[in-house]
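> Sequence plus the predicted model coming up.
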Amino acid sequence: MSTNSTASKIRALQTSNEDFEWYPTTAEIMDAMKKDIWNYLRIHENDYESGWRGGKTELKIDEEWENKNKKERLHIDTFLDIGAGDGRVLNFFEARKKYGIEIARVQADDLIPKGIFLIGRNYWDVSLIEQQFSLIYSNPPYSIFEKWVNKLLTECNFRLLYLVMPIRWKNQKEITKELERYEVTVVGEFDFSEADREARGRVNLVRVNAPWVTEKHTGERVKYQQTLEGAFERWVKDQIADFKDKPDRGWEEEREESVALKKTPIDQLVDDYDTEKGNLGAAFKSIGKLPPEIIKIMGQDKKSMLEIIRQSITGLKSKYWR
């Protein structure tokens with residue numbers, strides 16, 4: 001897009017009171033991003049990919065033959081731009097499916113004819129935890145980039161993520177804490193001094209991906225990508241429960257617990273029993289508040305729940321009174 005057309009779009013945004021700090025991504029940044037994707041895929045073309053959080057969203061180099069000449073092209077299955085603006089980044093890349101989030105109606109109305117599917121307008125109202133993308137890009141409003149990027153890292157599932165952030169991002173604990181799970185690479189440092197819309201300050205283009213680990217396997221060093229927890233899994237663990245299975249106890253462990261209980265004073269045994277019974281009762285009361293349809297989805301009904309409660313209480317009594 002030319003500087004004149006960008007200026008015209010900015011005037012339209014300002015007239016409609018929709019200029020939410022739109023500073024279009026420069027050609028220099030887009031070129032650096034494309035080059036880094038190619039380099040990343042070539043470096044790991046013989047390594048073992050994780051399939052990224054339980055689902056394969058393809059991002060690879062395709063080989064095509066034309067008149068005995070091999071041609072390579074970048075294959076992107078799904079590409080999401082959060083804060084898509086005029087769609088220039090999505091249009092710069094070839095992707096099978098292009099998705100965008102854009103709040104300004106002046107911008108959003110122009111994206112649909114360009115083959116970009118809008119999955120939402122207001123980023124803060126869009127839930128992304130159940131979706132997966134090959135590639136995600138975002139050049140957020142710099143006045144709120146910490147909160148913006150934190151939501152993205154918390155909710156999004158991706159093979160590769162590229163962020164344009166002010167160089168001070170490394171000092172933002174809210175961001176760096178979320179980034180600890182990932183492998184983070186600073187692709188380059190840029191500015192907007194000669195951009196379609198000029199701005200002061202320097203920015204980093206940052207790549208984020210699941211970590212790669214090298215281990216020995218049958219005498220050879222093998223590199224593979226870790227499979228990280230999905231955003232939905234993390235949300236359930238943080239907001240509801242971990243639901244982690246406890247390993248079955250062997251007879252020796254049960255015997256040690258039995259001996260320990262026998263050595264415990266009677267008053268302490270009674271207190272411990274009452275406490276554990278209370279915790280058990282509170283847990284079942286919470287389950288009892290669930291709507292019947294949720295109980296049914298869990299594969300349970302009144303009869304089975306009664307049996308679960310009966311067995312739990314019987315097991316607790318056996319533990320303390322045997």
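That came in fine, so what should we check first?

> Please count neighbours and contacts with C-alpha atoms only from this point.
Noted.

> Now tell me what touches stretch 162-176 from outside.
Under the contact criterion CA atoms under 8 Å, 6 or more residues apart in numbering, stretch 162-176 has outside partners 33, 135-140, 142, 145-147, 149-150, 189, 201-208.

> So which of those residues belong to helices?
With helices defined by DSSP state H, the entries of those inside them are 33, 145, 146, 147, 149, 150.

> still on that earlier bit, buried only: go through the contacts of stretch 162-176 for me.
33, 135-140, 142, 145-146, 149-150, 203-208 (16 or more other CA atoms under 10 Å).

> Can you tell me how far residue 126 is from residue 111?
Going from residue 126 to residue 111 by CA to CA, to the nearest Å gives 18 Å.

> Comparing the two, which residue is more hemmed in?
Just comparing residue 126 and residue 111: by other CA atoms under 10 Å the higher neighbour count belongs to residue 111, 23 against 12.

> My reading is that that one is in a helix; is that accurate?
Yes. Assessed by DSSP: H, G, I helix; E, B strand; the rest coil, residue 111 belongs to a helix.

> Might you list the low-confidence residue ranges for the stretch 51-200 of the chain?
Within the stretch 51-200 of the chain, the segments meeting pLDDT under 70 span 51-57, 67, 195-198.

> all helices for it, in order.
Assigned by DSSP state H, counting those that start in this stretch, the helices in the stretch 51-200 of the chain fall at 88-92, 105-111, 145-155, 173-179.

> Please produce a markdown table containing these, extended by distance to residue 74.
Listed next are those as a markdown table, based on distance: least, CA to CA, whole Å:
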| stretch | distance to residue 74 |
| --- | --- |
| helix 88-92 | 12 |
| helix 105-111 | 22 |
| helix 145-155 | 24 |
| helix 173-179 | 26 |
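
> Looking at these, spot the one closest to residue 161.
Nearest to residue 161, of all the helices of the stretch 51-200 of the chain, is helix 145-155, at 9.2 Å by CA to CA.

> For the closest one, which outside residues touch it?
Here helix 145-155 has contacts from 127-129, 140, 165, 169, 172, 174-175, 178-179, 231-232, using CA under 8 Å, 6+ apart.

> Tell me the one of those residues nearest residue 214?
Distance to residue 214 across these (CA to CA) is lowest for residue 179, with 20.3 Å.

> tally of neighbours for the closest one?
16.

> The residue nearest to residue 179 when sequence neighbours are not counted: how many residues sit nearby?
Spatial nearest neighbour of residue 179, excluding adjacent residues (CA to CA, 6 or more residues apart in numbering): residue 153 at 7.5 Å. Residue 153: 18 surrounding residues under other CA under 10 Å.

> what's the distance between residue 153 and residue 117?
Using CA to CA, residue 153 is found at 22 Å from residue 117.

> go on, residue 270?
62 Å.

> now residue 285
Note on residue 285: its distance to residue 117, by CA to CA, is 44 Å.

> neighbour-wise, which of residue 270 and residue 117 wins?
It is residue 117, of residue 270 and residue 117, that has more neighbours when counted by other CA under 10 Å, with 16 against 13.

> circling back to that earlier point, strands - which of the buried ones among the contacts of stretch 162-176 land there?
135, 136, 137, 138, 203, 204, 205, 206, 207, 208 (DSSP state E).

> Can you name the two of these that sit furthest apart?
135 and 203 (20.2 Å).

> count of residues packed around residue 176?
16.

> Show me where the stretch 201-322 of the chain has its helices.
Taking DSSP H, counting those that start in this stretch to define them, one finds helices in the stretch 201-322 of the chain at 231-239, 251-263, 266-288, 292-297, 302-321.

> residues of the fourth one that come out buried?
What that stands for is helix 292-297. Quick answer for helix 292-297 (16+ other CA under 10 Å): residue 295.

> What mean pLDDT does that helix get?
Confidence over helix 292-297 (mean pLDDT, whole number) is 77.

> Which strands and helices lie in contact with it?
Counting contacts by 3 or more CA pairs under 8 Å, 6 or more residues apart in numbering; DSSP states H and E, helix 292-297 packs against no other helix or strand.

> got the contact list for that helix?
Contacts of helix 292-297 (CA under 8 Å, 6+ apart): residue 301.

> count of neighbours near residue 98?
23.

> Could you measure from it over to residue 130?
Taking CA to CA, one finds residue 98 at 17 Å from residue 130.

> And residue 169, by the same measure?
27 Å.

> Mind checking which of these two has more residues around it?
residue 169 (17 against 12).

> which residue is nearest the centroid of the chain?
By CA atoms, centre = their mean, the chain has its centre lying nearest to residue 156, at 3.0 Å.
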